[in-house]
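A.B. asks: My questions concern the predicted model and sequence given below.
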Amino acid sequence: MDKIIHVENISKNFGDFQALKDVSLDVAPGEKVVICGPSGSGKSTLIRCINGLEEHQSGKIEVNGILLDQSTESLSLIKSIVGMVFQQFNLFPHLTVLENLILGPTRARKMSKLDAEDLAMKYLERVRIPEQAGKYPSQLSGGQQQRVAIARSLCMEPKIILFDEPTSALDPEMIKEVLEVMTELAVSGITMICVTHETGFARSVADKMVFMDDGEIVESADPEKFFTNPDSQRCQEFLDKILHH
Amino acid sequence: MQKLIVTIILILLLSGCSGNWGWYVVNPTTDGGIINLKFLLSGLYYTILTSVVAIFISIIIGLVVALPALSKKPFLRGINRFYVEMVRAVPILVLILWVYYGLPQMSGITIDVFWAGVIALALSDSAFEAEIFRAGIQSVDKGQYEASHSISLNYMDTMRFVILPQAIRRVLPALGNQLVYMLKMSSLVSVIGMEELTRKANELVVTEYRPLEVYTVLVLEYLVLILIVSAGVRWLENRMGAGK
């Protein structure tokens, strides 16, 4: 099978704490993977290793056939095809929405300002907030900010987009609007890895569910089997907690 | 409030006009007084020029020195520490004397009074600017670097478009402080003969022999200059804060 992401036996320590223990994961082009698990289980660390935000200490990561070896070349190649959406949005507070969106295209993709603005407006329409283009992030709601962050990522036209708990910092009434945008995005054929506990979203979008605990991938299955009949006891216990609270 | 304080100080000073005071040297109603006042004020040009050029150079050096402080590599951080500690340990007056009298002898390049003064002031201030920038840059959230990484920006673009604009906004009050400090410290370059406010006052004292009156005018010159600059810095702060 063709793989766009190949993670092979990677480990990662923060001091004495082992965040990832021999983790392996393959993702096919266009596949949607949802990762869940208790906090501190290494979910975020895993996806942050994939785009080089964290440096893994052993094992091997290949993205689109490029070996991630912390050299500037491999890192910049991988950066250019992997987008990321963060829990805390991380919009640039001193720039307007439109300026946030065109910064990457104009600087990293060397597009002209006009082309970049057209592109930005296209994606702002896709996340349904074109009317907010001239505002500053602080003037938007959390849900709007996260949608801007998604649009900012899309403006780089990445092959892969990583979501690191995109709805965890949002008020409940704003989660839906962000999940809707993500669901629409999933249909477009982009490769997605989402760290999230939104089970409804996971059921409707995921091709593969991954459960992590204590730095290891404990369970990896299609959503149908994952939610109804997981192999491991730990996964079952975790699902009981998040499904019946 | 500031106007009130200035007025009170003026009234107090002028109330002592009788007795031993000799205000005639700077009395604007007489020709002699006007000539003296013009002479004193003519120092303003070099005071402002020196301070502005020095702060400009000092900010650039400060920025260049601050960046290695944020590196993960101990060697680069070491360069920053070394520069800051060395420069901070030398008194400004000593640095001025050394740059003007020592440096030409060592390097063979002759430096005129203006550039000697500017270089000494800029060097001495740059260590403080570096510390200010370091604090400002470190106060920017880690997520801003990660977001820049995620949209493929390189280091230079990340600094230029994302981190520094936020950092500079935060340190603007401290930079304003340094400019005020620089205006005051520029009085020290009078010792190597730069024709700025303090030097002019010294020269007038030698000819008129009225130090009390002349230096009082000098105090007021600095006071007014710095109050104006402070107001300007505050205006700039408000303007730059408006977008956020």
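C.D. replies: Okay, I see it. Computed from a prediction, not measured in an experiment: that's the story for all the values here. Residues are numbered from 1 along each chain as shown, chains lettered A, B, ... in the order given.
A.B. asks: Look up phi and psi at the residue nearest the centre of chain B.
C.D. replies: Centroid-nearest residue in chain B, with CA atoms, centre = their mean: B:M182, separated by 1.6 Å. Backbone torsions for B:M182, taken as degrees, to the nearest 10, come to phi -60, psi -40.
A.B. asks: Local confidence estimate at it?
C.D. replies: For B:M182, the pLDDT comes out at 94.
A.B. asks: quick one, what contacts it?
C.D. replies: B:S51, B:A54, B:I55, B:S58, B:L121, B:D125 (CB atoms under 8 Å, 6 or more residues apart in numbering or on different chains). The C-beta positions use only the backbone N, C-alpha and C, and glycine is treated the same way.
A.B. asks: For the closest residue to chain A within chain B, which non-adjacent residue is closest in space?
C.D. replies: Taking CB to the nearest CB as the measure, chain B has B:I151 as its residue closest to chain A, at 3.3 Å. Excluding its sequence neighbours, the residue lying closest to B:I151 (CB to CB, 6 or more residues apart in numbering or on different chains) is A:G104, at 3.3 Å.
A.B. asks: Secondary structure element holding that neighbour?
C.D. replies: Using DSSP states H and E, A:G104 maps to helix A:97-107.
A.B. asks: Can you spell out which helices and strands pack onto the helix or strand following that helix?
C.D. replies: Later in the chain than helix A:97-107, the nearest helix or strand by DSSP H and E is helix A:113-126. Counting contacts by 3 or more CB pairs under 8 Å, 6 or more residues apart in numbering or on different chains; DSSP states H and E, helix A:113-126 packs against helix A:97-107, helix A:142-154.
A.B. asks: Report the angle between the longest one and helix A:113-126.
C.D. replies: By that I understand helix A:142-154. 130 degrees (axes from the mean of the first three to the mean of the last three CA atoms, to 10 degrees).
A.B. asks: OK, now which residue of chain A is nearest to chain B?
C.D. replies: Closest point on chain A to chain B, by CB to the nearest CB, is A:G104, at 3.3 Å.
A.B. asks: Check whether that residue really touches A:C155, as I assumed.
C.D. replies: Yes - in this structure, A:G104 is within contact of A:C155 by CB atoms under 8 Å, at 5.8 Å.
A.B. asks: Neighbour count: these two, which is higher?
C.D. replies: Legend: neighbour count by other CB atoms under 10 Å in any protein chain shown for A:G104 and A:C155, higher for A:G104 (28 against 25).
A.B. asks: Which parts of the helix or strand of chain A with the lowest mean pLDDT count as buried, going by neighbours?
C.D. replies: Here the helix or strand of chain A ranked lowest by mean pLDDT, DSSP states H and E is helix A:233-243, holding a mean of 89. Under the neighbour-count criterion of 16 or more other CB atoms under 10 Å in any protein chain shown, helix A:233-243 has A:R234, A:C235, A:F238, A:L239 buried.
A.B. asks: same check, this time on stretch A:60-76
C.D. replies: Buried, per 16+ other CB under 10 Å, within stretch A:60-76: A:I61, A:E62, A:V63, A:N64, A:L68, A:S74, A:L75.
A.B. asks: which secondary structure element contains the residue lying closest to the third one once chain neighbours are set aside?
C.D. replies: With CB to CB, 6+ apart as the criterion, A:V63 has its nearest non-adjacent residue at 4.8 Å, and that residue is A:I78. Taking DSSP H and E as the criterion, the element that holds A:I78 is helix A:72-81.
A.B. asks: which residues touch that helix?
C.D. replies: For helix A:72-81, contacts defined as CB under 8 Å, 6+ apart pick out A:51-52, A:63-64, A:66-68, A:108-109, A:156, A:158-160, B:149-150, B:152, B:154.
A.B. asks: Select from these every entry located in helices.
C.D. replies: B:H149, B:S150 (DSSP state H).
A.B. asks: Taking the contacts of helix A:72-81, please make a ChimeraX selection of just the buried ones.
C.D. replies: A single ChimeraX command suffices to select whichever of the contacts of helix A:72-81 are buried according to 16+ other CB under 10 Å:
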select /A:51,52,63,64,68,108,109,156,158,159,160 /B:149,150,152
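A.B. asks: related to what we said a few turns ago, please list all residues in contact with the residue of chain B closest to chain A.
C.D. replies: Neighbour list for B:I151: A:G83, A:L103, A:G104, A:A108, A:R152, A:S153, A:C155, A:M156 [criterion: CB under 8 Å, 6+ apart].
A.B. asks: what's the average pLDDT for the helix or strand that contains the first one?
C.D. replies: To tie it back to what came earlier, the one meant is A:G83. According to DSSP H and E, A:G83 maps onto strand A:82-85. Averaged across strand A:82-85, pLDDT comes to 96.
A.B. asks: can you check stretch B:232-243 too?
C.D. replies: Mean pLDDT, computed over stretch B:232-243, is 77.
A.B. asks: sec struct for residue 94, please.
C.D. replies: In the absence of a named chain, chain A is used. Under the three-state scheme (DSSP: H, G, I helix; E, B strand; the rest coil), A:H94 adopts coil.
A.B. asks: You answered for a different chain; I wanted chain B.
C.D. replies: B:V94 ends up helix, using three-state DSSP.
A.B. asks: State the distance from it to B:S51.
C.D. replies: 19 Å (CB to CB, to the nearest Å).
A.B. asks: if you count what's nearby, which of those two comes out ahead?
C.D. replies: Summary of the neighbour comparison: B:V94 and B:S51, criterion other CB under 10 Å, with B:S51 having more neighbours (26 against 13).
A.B. asks: can I assume that one sits in a helix?
C.D. replies: Yes - assigned with three-state DSSP, B:S51 falls within a helix.
A.B. asks: List the contacts of it.
C.D. replies: B:S51 sits next to B:L121, B:L179, B:M182, B:L183, B:S186 when contact means CB under 8 Å, 6+ apart.
A.B. asks: tell me the pLDDT at it?
C.D. replies: For B:S51, the predicted pLDDT is 96.
A.B. asks: Any figure for the gap between it and B:N238?
C.D. replies: Taking CB to CB, one finds B:S51 at 23 Å from B:N238.
A.B. asks: Next, see if stretch A:83-95 gets close to chain B.
C.D. replies: Yes - residues of stretch A:83-95 are located near chain B by CB under 8 Å from any CB of the partner chain, namely A:G83, A:M84, A:F86, A:Q88, A:N90, A:L91, A:F92, A:P93, A:H94.
A.B. asks: Need the CA coordinates for that stretch. CSV is fine.
C.D. replies: Presented in CSV, the C-alpha positions along stretch A:83-95 are these (Å, rounded to 0.1, in the frame of the first residue of the first chain):
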residue,chain,number,x,y,z
GLY,A,83,-0.3,21.9,7.9
MET,A,84,-1.3,22.1,11.6
VAL,A,85,-4.2,23.4,13.6
PHE,A,86,-3.6,24.0,17.3
GLN,A,87,-5.7,23.7,20.4
GLN,A,88,-5.0,27.4,21.2
PHE,A,89,-5.5,28.6,17.6
ASN,A,90,-2.1,30.4,17.7
LEU,A,91,-3.3,33.2,15.3
PHE,A,92,-1.0,36.1,14.9
PRO,A,93,-2.7,38.8,17.2
HIS,A,94,-1.0,41.8,15.5
LEU,A,95,-2.2,40.9,12.1
